[in-house]
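Engineer: how would this look folded up:
(one chain, ligands or ions: 2)
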Amino acid sequence: MTRKLILGIETSCDETAVALLKDIAHESEFAAGPGSALVVLSNELHSQISLHQQFGGVVPELASRSHLEKINFVMTEALQKANVRLQDIDVIAVTTHPGLPGSLLIGLCFAKAIAFALNKPIIGINHLEGHAFSPLIENNVPFQHLCLTASGGHTALFLIEGFGQYQIVGQTIDDAAGEAFDKIAKLLGLPYPGGPVIEKLAREAEFEDFYHYTRGSGKTLDFSFSGLKTAVLYDMIKRGVYDMANKKFLLTGAEAANEQRKIASSLLVCIGDIFKKKLGYALEQYPEIKAITFAGGVACNKYLKQKLSDWSRERGLSFFSPAPQYCTDNGAMIAFVGAYKAAQGKFDSLDLDI
Ligand code: KG4
Ligand code: ZN
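Structural biologist: Numbers count the residues shown, from 1 in each chain. Ligands and ions are numbered 1, 2, ... in the order given. Below is the predicted model:
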């Protein structure tokens, strides 16, 4: 039986997100490539950024409370925008892991209530699988391909062989790439999240590499961004612009702005180089891949997107990265994985847990 209308619910961190996707093809056609067979009817979200900004990062207890307050509202908006009724939904897809437990539970309990009330199937989705397949929402990306997923919580390299068929071939052993942007922005007295503001400052400095931060050593597919953060911190202390005892950026006015631009620019260029280096190692190990994809919140970064796109094309590989609304956490990527899992008959029971 074709499952036409798929609901996607995502509450793993600080976005309350709900989307509705319509599968306009028969399952057999779907299996040939969903890019052309799926339509995003709505992709709504409530971002908690302003709630957490004053604390410089996500506060788990506040996040779960906010999800509880907003989820019904976001769901109603998603239904209205898609112009469908609750009872029209055929499948409910919901993020079950990884994420903040309190936040995940709000989405899962909400999804279970709908599944139970409508007597419709539910599917638990891995948040990272959502990010890894998000470039396929709008593109027919050829298999096999490599996906670099970089967000605030995760950084990983996926070797993707088919819908739901993938292996993680490299991942961060400590901080995520987005976390490096966020933590270094905090050192510089800049607001959370750090990524967008670092990109803006780096652009103002014309992406010049002033400080040549470490790109790491060792030919591994794993990432380590904690060392990069420490290197930036020590360099700031050495140059007398950061007071370790009081955890304070010491410059003010024009001097501060100039230094922020130089650090932001050097950091962004460094992270771009690290990404290219890792993709190079991966390509050596998996020469059969046909494309590179770049997903997750960090993939909103136009500089990184351009660098990775150029790098891929120079090697005869096609390159895809989702539109920004599918890079940061969103319901559409969860519904998308739900769509192919439904087509594959991979449903869960209401005992589903986080
Ligand atoms: O995917 P996402 O919304 O949430 C997680 O699953 O973590 O990613 C959020 C992360 C934050 O660390 C933020 O600083 C980063 O994505 N980010 C960026 C940019 N926009 C968001 N990083 C670099 N450049 C950007 N333009
Ligand atoms: Zn995410």
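
Engineer: which elements pack onto the longest helix belonging to the chain?
Structural biologist: Ordering each helix of the chain by length in residues (DSSP state H) puts helix 253-285 first. Contacts of helix 253-285 with other secondary structure elements, assessed using 3 or more C-beta pairs under 8 Å, 6 or more residues apart in numbering; DSSP states H and E, are made with strand 145-150, strand 155-162, strand 165-171, helix 177-187, helix 194-204, helix 226-238, helix 302-314. In this view, the C-beta of every residue, glycine as well, is placed from N, C-alpha and C.

Engineer: so can I have JSON lines of those showing mean pLDDT?
Structural biologist: What follows is the helices and strands packed on helix 253-285, written out as JSON lines (pLDDT from 0 to 100):
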{"stretch": "strand 145-150", "mean pLDDT": "98"}
{"stretch": "strand 155-162", "mean pLDDT": "98"}
{"stretch": "strand 165-171", "mean pLDDT": "97"}
{"stretch": "helix 177-187", "mean pLDDT": "96"}
{"stretch": "helix 194-204", "mean pLDDT": "98"}
{"stretch": "helix 226-238", "mean pLDDT": "96"}
{"stretch": "helix 302-314", "mean pLDDT": "98"}
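
Engineer: closest to Ile271 out of the ones you listed?
Structural biologist: Between Ile271 and the helices and strands packed on helix 253-285, the shortest gap by C-beta to C-beta is with helix 177-187, which sits at 6.1 Å.

Engineer: which helix or strand contains Ile292?
Structural biologist: With the criterion set as DSSP states H and E, the secondary-structure element containing Ile292 is strand 291-295.

Engineer: residue contacts, Gly130?
Structural biologist: When contacts are counted by C-beta atoms under 8 Å, 6 or more residues apart in numbering, Gly130 is found next to 10, 95, 333-334, 336-337.

Engineer: can you tell me which of those are in strands?
Structural biologist: For the contacts of Gly130, membership in strands holds for 10, 95, with DSSP state E as the criterion.

Engineer: between the contacts of Gly130, which has the most around it?
Structural biologist: Across the contacts of Gly130, neighbour numbers were computed from other C-beta atoms under 10 Å; Ile334 holds the maximum, 37 neighbours.

Engineer: got the residues of the stretch 51-200 of the chain near ligand 2?
Structural biologist: Where proximity means C-beta under 5 Å from the ion, the interface of the stretch 51-200 of the chain facing ligand 2 comprises Ser151.

Engineer: flag every residue of the stretch 51-200 of the chain that's near ligand 1.
Structural biologist: By C-beta under 6 Å from any ligand atom, the part of the stretch 51-200 of the chain that sits against ligand 1 consists of 151-153, 178, 181-182, 193-196, 199.
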